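In: A structural model of the following input is requested.
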Amino acid sequence: MATTLKPRGRKVRILATLGPASDTPEMIEKLMRTGADAFRINMSHGEQADKAQLVHHIRELEDKLGRPTTIVADLQGPKLRVGTFADGKVEVKKGDTFTLDRDEAPGDASRVHLPHPELFEAIEKGSLLLIDDGKIRLKVIEVHADRIVTEVKVSGTISDRKGVNVPDVLIPIPALTEKDRSDLDYMLELEVDWVALSFVQRPEDVQEAADIIDGRAAIIAKIEKPQAVEKLDEILEVADGVMVARGDLGVELPPEKVPPVQNKIVSTARHVGKPVVVATQMLESMITSPTPTRAEVNDVADAIYDGADAVMLSAESAAGKYPVEAVKMMDRIGRAVEADERHHDRVHFTETKPEATTADALAESARGIARTIGAKAMACYTSSGSTARRIVRERPHVTTLVMTASRKVARRLGLLWGAHAVHTRDVDNFEEMVGKARRMALRHHIAGADDRIVIMAGVPFGQSGSTNVIHVVRIKGDELDVYQRKLEL
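Out: Take a look at the predicted model:
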């Protein structure tokens, strides 16, 4: 019999990356019991068969703990890299001329192969090329059909196959490489819940993946290029959620611009009611240290105060020395911030004006009712997750109990702020759904005797998109005492 995990007691979700430090069933269980709500599988490293093992471990844990568990497959994307050098690396100095060309011969101190023909067509004089996460900066002074001549602006060492970033150019490359397509097919067969797309530049990149995925998984667009920030609204129309991928974003933008861009991405996603994950270097020092820096704690706290749906651990949980401690620390920060009496005001500093729909109007009203009457929870029954997203968009102060007959939907909701998803049998009518809400709230320790729950539902029952009722019930022993009128619109 499953040992059901109790609700977390916090609204922000924790997305933990799995890797060499955390790829065993025992470690995955420790991470989940400590506070991980979802797991990221990074397709940039390792073999596909290893990923299948991770998915298997997570699904077994899901059955053991009685909680739908979210899996995010993060595709590598079209990473640009230089070729190789005769001696493995070279030193370049400020003021030197350095050429990137189509010649496949090993490079030297004056040149190196650039195996990306599309760059020769897109690059312009004056453009910047950033090598090795921006450690070396090159400014383009000449562009020819077979070579790009640059001036070194920041000295450093360039070694074999180091990454290349081009912050000020829209690069005409496919959003999905052949590796990505293979990985995507493989992970969809394993029924992962979300697919994260790397190096998105425009909405067409997301649409390309969406056409292949065809609803089999939800899509997170990783915002890590300035071009994606400029097209954020259009990208959010196609994607199911976004990630503030601060690694490459911090390379392609000046560091001081990353915080306001992060804030813009979070608030824009919240406006449209789609999950937003803040990622990269959140507790970076915990890769080698059992405790984080104060600045890192503040960084995580700021994302939570902004109302991000989830915060992510990368190398901290995948390859660090203290993966369990990192999750535990993230959990403690989330609880502390959400216990702050100013948290509610800070989260609602971002306005989420409802659209002119019955469902949005009711979601806004339900949050106010729950707060006024001191309800213990909000609840809904959903077939697609849409009602749940509307409720949590308003950032209610209580847990949202989401009941669904779809295991797939329940798993996808693991990235949604404050949602506790329950996979349960279908119901036939409104009264049965209300009774189930009461039982599930008791069973999952979300509410107890004499507590009140605010329920959103639709009448006639079972029609998608028909949310038109707010129903408030009091749990009294084994009886369901309806004490407040239904608000039917």
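
In: quick one, domains of the protein?
Out: What automatic domain parsing lists as the domains of the chain is 13-77+174-345, 89-165, 358-488.

In: need the ones you listed in CSV with distance to residue 351, mean pLDDT and mean neighbour count, can you?
Out: All C-beta spots, glycine's among them, are computed from the backbone N, C-alpha and C. Shown next, in CSV, are the domains of the chain (distance: least, C-beta to C-beta, whole Å; pLDDT from 0 to 100; neighbours: other C-beta atoms under 10 Å):
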stretch, distance to residue 351, mean pLDDT, mean neighbour count
domain 13-77+174-345, 8, 96, 20
domain 89-165, 34, 95, 16
domain 358-488, 11, 85, 19
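
In: Report the beta-bridge partners for the most centrally placed residue in the chain.
Out: Taking C-alpha atoms, centre = their mean as the criterion, residue 277 is the residue nearest the geometric centre of the chain, at 3.6 Å. Beta bridges link residue 277 to residue 243, residue 310, judged by DSSP bridges.

In: Select, out of the domains of the chain, the one closest to residue 83.
Out: Closest approach to residue 83 among the domains of the chain is made by domain 89-165 (3.1 Å; C-beta to C-beta).

In: what separates that closest one from the chain centre, distance-wise?
Out: Between the centre of domain 89-165 and the centre of its host chain there is 33 Å, according to C-alpha atoms, centre = their mean, to the nearest Å.

In: do the same with stretch 30-47
Out: With C-alpha atoms, centre = their mean, you get 12 Å for stretch 30-47.

In: show me where the stretch 301-450 of the chain has helices.
Out: 315-318, 323-339, 343-347, 358-373, 386-393, 407-412, 430-443 (DSSP state H, counting those that start in this stretch).

In: Indicate which one of the ones you listed is closest to residue 128.
Out: helix 315-318 (26.9 Å).

In: Can you tell me which helices and strands that closest one packs against?
Out: In this structure, helix 315-318 makes packing contacts with strand 13-18, helix 323-339, judged by 3 or more C-beta pairs under 8 Å, 6 or more residues apart in numbering; DSSP states H and E.

In: Go again with 10 Å.
Out: strand 13-18, strand 38-42, helix 323-339 (3 or more C-beta pairs under 10 Å, 6 or more residues apart in numbering; DSSP states H and E).

In: The first one pairs with which strands, and in what direction?
Out: Looking at strand 13-18 with DSSP bridges, its partner strands are strand 38-42 (parallel), strand 310-313 (parallel).

In: what angle do it and helix 323-339 make?
Out: Relative orientation of strand 13-18 versus helix 323-339 (axes from the mean of the first three to the mean of the last three C-alpha atoms, to 10 degrees): 170 degrees.

In: cool, and the second one?
Out: Using the same axes, to 10 degrees, the inter-axis angle of strand 38-42 relative to helix 323-339 is 130 degrees.

In: Could you identify the helix or strand that succeeds strand 38-42?
Out: Of the helices and strands lying after strand 38-42 in sequence (DSSP states H and E), the nearest is helix 48-65.

In: ok, now the first one?
Out: Sequence order places helix 25-34 as the next helix or strand after strand 13-18, per DSSP H and E.

In: Can you give the contact residues for that following helix?
Out: 3, 5, 14, 16, 18, 21-22, 24, 36-39, 53-54, 56-58, 60-62, 64-65, 67, 69, 313, 317, 323-331 (C-beta atoms under 10 Å, 6 or more residues apart in numbering).

In: right, and the strands paired with strand 13-18 - which one's nearest residue 184?
Out: Nearest to residue 184, of the strands paired with strand 13-18 and by C-beta to C-beta, is strand 38-42 at 12.3 Å.

In: That concludes my questions; thank you for your assistance.
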